[in-house]
Each structure stands twice: as structure tokens, then as C-alpha cells.
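J.: kindly generate the corresponding structure for this input.
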Amino acid sequence: MRHLIIPALIAGTALPLIGVAQPAFAAEAADASSASAIDAAVAADLRGTDKARDQYRHPKETLEFFQVKPNMVVAEYAADAGWYSKILAPLTATSGKYVALGVSPSSPSLNEERKAQMNAFPANYPARAAKATGVSADKIHAFVTNAVPAEMQGKVDRVLIFRMLHNLQRSGILGSELDAIHGMLAPGGMVGIEQHRAKADAPAAYVDGSKGYLKEADVIAMFEKHGFVLAGKSEINANPKDPANHAQGVWTLPPNYALKDVDKDKYAAIGESDRMTLLFKKK
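T.: Below is the predicted model:
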């Protein structure tokens, strides 16, 4: 669960699940070979203790819903050589291409230290990701959004953004980053979103990004404003036990436990946050 504060940091139809609500609507189902490849990537030993969180994040079903295939050019936004990187890089680096996207260094939200770090991201990330994923560094492509090479523009099949939109929203750069992503997508390319979901009647002050939660309707409207159409939505990562009204935001819940031992059993019983899972297509 990402707790990034950008001003300081910058930085087919789902298969049935027991006890998990099913998609409201979705696109075509994953083909058998893609499903098998995703199975293998999710089951890989290199993921280690990451697998304990599959019960909340449903990576297999999420990637199938996003219609990810191993021969695609797939970009992970705000990649950190972490949880999803360990799945996506091995999945796509051989027959497709794995791309790690960093936030634009030109963002006014970045302090000087973070600007330097993001400028260095394309050179530094491949070696770091190689250690985490087992994929050779020369098969890991890293760019920042304002400096995507011309040969990559209009060539990316999928951009995946996991629990990051709130940071872009609170820093005022969500729109500009969506414009950059739109430009790098191939015709018919899509963006997959997993994001902490606020209640539809949550007050505006709670959904400014500072609590980690956003309204689903607001996310859809923002994407439509920047040249996308909603292609599908799913309840794969829904958690009806999450009231999504925590004073300390989403980080109250596991794995962060912002309140430490205070009511820890209560929050452990809730589990990770309620999340929207959306798929947008480039117009």
C-alpha cells in the first residue's frame, strides 16, 4: 500500500473469486496462453513473502481483467522494483517489453533532491529492478514521462497504475501525467487502474489525495477529460469491510498500521483497503 507524498517523495473478464464481488462489466477474457503465463509469474518463487498479499490484491485476476499479455509492451507507472514489478517484468520481458515509468522531473511538486533522483531514474532503475525480478537489466526499459523516446511514443499497449493516483491528485499533476501517458499509448492502448476507493458521498476534503482515497466517479471523469473512455470496471479488489473513513487515511489499514498497536486487531480484520479496478481505453 503506497504512502507516497509527492512533494517530499518525488516520486478479459475476471475469473470468479469466492467471497469477492464480480465485475460490473469488463472486456474480453484472457486467452489460455496468456492466462498460463500470468499464472506462472504469480506463482514464481522469487515473489517470496509478497504472495501473502495476493488475498487482497488478486494479481492474476487483475492482470487478466486488464487484458495483459506477455507479448505486449507493458509500462508500470511509478515502478519501484517492488510488488507488481516482480510479476510484470518476468511476464513481459522475453516476448514483449517491460517499461518502468517515473514521474516527470519537471513537475513543480518535486523538490531539488527528488528532481535529481527522477532525472537519474532511467539510468539507475534497470540494475535495481534486475536484482529484484531476476530479469536482465538490458531487458528493463526505464523512462520518465516527459522524456519517453520518440520510438516509444504511440507504441505502449498497457500502462498500469497501482494505488498512485491519490499522490498525483494531491500534487496537482494528475492531468499532465495522464496527457503524457495518452501520448505513449498505441492506438487502442489501455490504462489499468487499481486505486483506494472513497465512498461516493465522502466530503471533498477527504478525497483530495491526502487520505489515499479517491471517488470512483471523479477518477472516471478525470480520465475522460484527458482523452480516455471507460472500457471496463471490476469489483475484483473490492473490500466491503473497509469504511474508507479513517482519520489517518488508508495507511491506518494493513500493511502500514499508522496507529501502531491501537485497535490493530480491528484493522487487521478489515484487511487492505477497498479498491476500484478500472480499465480505460485511449480514444
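
J.: name the residues linked to Val229 by a beta bridge.
T.: Beta-bridge partners for Val229, by DSSP bridges, are Lys281.

J.: show the contacting residues for it.
T.: Applying Cβ atoms under 8 Å, 6 or more residues apart in numbering to Val229 gives the contacts 280-281, 283. The way it works is simple: take the backbone N, C-alpha and C, and place the C-beta from them, glycine included.

J.: so where is the protein shaky, pLDDT-wise?
T.: By pLDDT under 70, the weakly predicted segments of the chain are 1-30.

J.: just checking, Asp208 touches Gly172?
T.: No - under the criterion of Cβ atoms under 8 Å, Asp208 is not in contact with Gly172, lying 10.2 Å apart.

J.: three-state assignment of the nearest residue to Ala147 once chain neighbours are set aside?
T.: In this structure, Ala147 finds its nearest non-sequential neighbour in Pro122, 7.4 Å apart by Cβ to Cβ, 6 or more residues apart in numbering. Classification of Pro122 using DSSP: H, G, I helix; E, B strand; the rest coil returns helix.

J.: tell me how far the strand or helix carrying Gly188 lies from the chain's centre.
T.: Using DSSP states H and E, Gly188 sits in strand 185-196. Mean C-alpha position of strand 185-196 versus that of the full chain (Cα atoms, centre = their mean, to the nearest Å) differs by 10 Å.

J.: kindly report the same for stretch 216-231.
T.: 16 Å.

J.: pull out the buried residues from it.
T.: Neighbour-count burial for stretch 216-231, counted by 16 or more other Cβ atoms under 10 Å, picks out 216, 218-220, 222-223, 226-228, 231.

J.: which residues in the chain form strands?
T.: In the chain, the strands defined using DSSP state E lie at 73-77, 97-102, 140-144, 156-162, 185-196, 228-234, 275-282.

J.: could I get the ones you listed in TSV, plus columns for distance to Glu61?
T.: Formatted as TSV, the strands of the chain follow (distance: least, Cβ to Cβ, whole Å):
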stretch	distance to Glu61
strand 73-77	17
strand 97-102	20
strand 140-144	25
strand 156-162	14
strand 185-196	11
strand 228-234	8
strand 275-282	9
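
J.: of all those, which lies closest to Thr49?
T.: strand 156-162 (18.0 Å; Cβ to Cβ).

J.: list the neighbouring strands of the closest one plus their orientation.
T.: In the sheet, strand 156-162 lines up against strand 73-77 (parallel), strand 185-196 (parallel) (DSSP bridges).

J.: most neighbours per residue, which of these?
T.: strand 73-77 (a mean of 25; mean count of other Cβ atoms under 10 Å).

J.: and the contacts of that one?
T.: Contact with strand 73-77 is made by 68, 84-85, 88, 91-92, 96-101, 152, 155-162, 164, 177, 181, 184, 186, as judged by Cβ under 8 Å, 6+ apart.

J.: how about a cut-off of 7 Å?
T.: The contact list for strand 73-77, computed with Cβ atoms under 7 Å, 6 or more residues apart in numbering, reads 68, 84-85, 88, 92, 96-101, 155-161, 164.

J.: how far is that strand from where the chain is centred?
T.: 10 Å.

J.: what are the contacting residues of stretch 208-225?
T.: With Cβ under 7 Å, 6+ apart as the test, stretch 208-225 has contacts from 165-167, 169-170, 174, 178, 193, 195-198, 200, 202, 206-207, 230, 244, 249-251, 276, 278, 280.

J.: among these, name the buried ones.
T.: For these, a neighbour count by 16+ other Cβ under 10 Å gives the buried set as 165-167, 169-170, 174, 178, 193, 195-198, 202, 206-207, 244, 249-251, 276, 278, 280.

J.: now the helices for this structure?
T.: With helices called from DSSP state H, the chain shows them at 6-9, 32-43, 54-57, 59-65, 85-92, 112-133, 165-170, 174-184, 216-225, 264-270.

J.: now do the second one: which elements does it pack against?
T.: Put plainly, it is helix 32-43. If you count contacts as 3 or more Cβ pairs under 7 Å, 6 or more residues apart in numbering; DSSP states H and E, helix 32-43 packs onto helix 59-65, helix 85-92.

J.: same deal with the fifth one?
T.: In terms of contact count using 3+ Cβ pairs under 7 Å, 6+ apart, helix 85-92 is assigned the packing partners helix 32-43, strand 73-77, strand 97-102, helix 112-133.

J.: what's the angle between that helix and helix 32-43?
T.: For helix 85-92 against helix 32-43, the angle by axes from the mean of the first three to the mean of the last three Cα atoms, to 10 degrees is 150 degrees.
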